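>>> okay, sequence plus prediction incoming.
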Amino acid sequence: MMHPQSVTVIGAGLAGLRTVERLRQRGYEGRVVLLGAERHLPYDRPPLSKQVLRGEQDEPWLRREYAGLDADILLGQRVRELDTARRMIFLDGGWLPYDVLVIATGASPRRVSGINGRVLRTLDDAHALRGTLGPGTRLAIVGAGLIGCEVAASARSMGAAVDLIDVLPGPLVRVVGGQVCDIVAGLHRDRGVRLYLGVSVARDSAGRLTLSDGTVLEADVILEAIGAVPETGWLEGSQLRLDDGVACDATGRAADGVYAAGDVARWDGRRSEHWTSAGDQADRVAAAILGQDPPSPGLPYWWSDQYDVKLQGLGDPGPDADVHLVKWGAKARTIALYARDGRLTGAVGFSAAAGVMKLRADIAAGAAIGDVLDRLTP
């Protein structure tokens, strides 16, 4: 297969940068262009709600040097339009042709109508939010997902008072399910976070938050953390199929000469916003572009640091699975095992990294949950 003369990657986040790196590692010698809408070089997003917010790290760069990539990196360049027929993209400065295109524009924060709070998605967002937090600050977080929970933990360590609000019945419930989200709720309550769950929220004319149960909250800072939506607005009219992201096949291909990876991509009917998925997809896209055999997809994996606890999820926990809680190791760390039809599908551990990772083969094989429990339970 002939390699393309050039590859243009839109989006200088994790998925975009990893695509460039994997192209080079797989032997591609053509021109590579990496376009980033932000002024920053590619950086890691997970530290934004933790180390960056707490002031322990200012610049979580994904890479320290770029000479070895031999790539044209253009920052502060927001792409406005895609013309797949002419193989052209439109930037603020005009039209730019492409040979092969990789879309890795990520996602934008979902907003709550009428709240007008802050969001946390970019490095600049993290620096700005950090400047508002300190001892005695009253922080209200709308959304008890991963970002909301991590910011709550960081803010408490900075001395802020925290109200955590969600329309759903528990923190991380969509990620870990109802039984395990109670454990997460306990982590936060034990450290002084006030939880308001199963309630909707509005903002009154005085700037206060009014909850559907009648509670009124005063807040100095409000953070909206109710998830993200794929950054696809600029693709309207591009002839690509958009369905909660850029619709792709199992190799990341969206159209002739167009691929997508990361938060913006919906691969084979499924979109994943996890850090490890972005890297896996980038490598598979690079292989597809070069006509090479793609690597086998890894098990979905995510982690979250909250207080002194590291949560780690492997496989597909899912809110509809059967849950079995076990105590693992000498310190009796909690691991939740998830099963469907009697087969292990996923695991979530609380500071039990080694125990979770030992389950990788069992999850991949769909081992019988009874056999796994017999092995793990004394």
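Sure thing, it's come through.
>>> does residue 155 count as helix, strand or coil?
Using DSSP: H, G, I helix; E, B strand; the rest coil as the criterion, the local structure at residue 155 reads helix.
>>> state the number of residues packed around it.
With neighbours defined by other C-beta atoms under 10 Å, the count for residue 155 comes to 27. Backbone N, C-alpha and C define where each C-beta goes, glycine included.
>>> look up how far residue 130 lies from it.
In this structure, residue 155 and residue 130 are 10 Å apart, going by C-beta to C-beta, to the nearest Å.
>>> which neighbours do those two share?
residue 53 (C-beta atoms under 8 Å, 6 or more residues apart in numbering).
>>> ok, the closest residue to residue 333 other than its chain neighbours to residue 109 distance?
In space, residue 333 comes closest to residue 352 once its chain neighbours are excluded; the distance is 3.6 Å by C-beta to C-beta, 6 or more residues apart in numbering. Counting by C-beta to C-beta, the gap between residue 352 and residue 109 amounts to 31 Å.
>>> repeat that for residue 29.
38 Å.
>>> on that earlier part again, neighbour-wise, which of residue 352 and residue 109 wins?
For residue 352 against residue 109, the residue with the higher neighbour count under other C-beta under 10 Å is residue 352, and the figures read 25 against 20.
>>> and the helices in the stretch 201-350 of the chain?
Remark: helices of the stretch 201-350 of the chain, listed N- to C-terminal, are 275-289; assignment by DSSP state H, counting those that start in this stretch.
>>> residue ranges with poor pLDDT in it?
Within the stretch 201-350 of the chain, no stretch has pLDDT under 70.
>>> just confirm residue 106 contacts residue 260, I think it does.
No. Under the criterion of C-beta atoms under 8 Å, residue 106 lies out of contact with residue 260, with a separation of 10.7 Å.
>>> neighbour count: those two, which is higher?
More neighbours surround residue 260 than the other of residue 106 and residue 260, with 31 against 24 (other C-beta under 10 Å).
>>> tell me which residues touch that one, please.
In this structure, residue 260 makes contact with 102, 103, 104, 245, 246, 248, 252, 254, 285, judged by C-beta under 8 Å, 6+ apart.
>>> tell me how many other residues crowd the third one.
Residue 104 sits with 32 neighbouring residues when counted by other C-beta under 10 Å.
>>> mind giving me the domain ranges of the chain?
6-108+228-289, 111-224, 308-376 (automatic domain parsing).
>>> a markdown table please, covering those domains and showing distance to residue 296.
Conversion of the domains of the chain to a markdown table gives the following (distance: least, C-beta to C-beta, whole Å):
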| stretch | distance to residue 296 |
| --- | --- |
| domain 6-108+228-289 | 9 |
| domain 111-224 | 24 |
| domain 308-376 | 10 |
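>>> closest to residue 298 out of those domains?
Across these, the minimum distance to residue 298, taken as C-beta to C-beta, is reached by domain 6-108+228-289, at 5.5 Å.
>>> need the strands for the stretch 1-150 of the chain, in chain order.
Listed in chain order, the strands found in the stretch 1-150 of the chain under DSSP state E, counting those that start in this stretch are 6-10, 31-36, 72-75, 79-83, 88-91, 94-97, 100-103, 107-109, 138-142.
>>> one more: the stretch 251-378 of the chain?
Defined through DSSP E, counting those that start in this stretch, the strands belonging to the stretch 251-378 of the chain, from first to last, are 253-255, 258-260, 265-267, 301-306, 309-315, 322-328, 333-340, 343-350.
>>> could I have the fourth one exported to CSV, CA atoms only?
Pointing back at strand 301-306 there. Extracted as CSV, the C-alpha positions of strand 301-306 are listed here (Å, rounded to 0.1, in the frame of the first residue of the first chain):
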residue,chain,number,x,y,z
TYR,A,301,-9.4,1.3,31.8
TRP,A,302,-9.9,4.4,33.8
TRP,A,303,-8.7,5.8,37.1
SER,A,304,-9.6,8.7,39.5
ASP,A,305,-7.7,10.1,42.4
GLN,A,306,-10.0,11.4,45.2
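>>> can you list the strands that that strand pairs with?
Based on DSSP bridges, the pairing partners of strand 301-306 within the sheet are strand 309-315 (antiparallel).
>>> ok, the second one next?
Partners of strand 258-260 in the sheet, by DSSP bridges, are strand 100-103 (parallel), strand 253-255 (antiparallel).
>>> contact partners for residue 376?
With C-beta under 8 Å, 6+ apart as the criterion, the residues that contact residue 376 are 326, 328, 335, 337, 355.
>>> same thing but at 10 Å, please
Taking C-beta atoms under 10 Å, 6 or more residues apart in numbering as the contact definition, residue 376 lies against 324, 326, 327, 328, 329, 335, 337, 355, 358, 359, 362.
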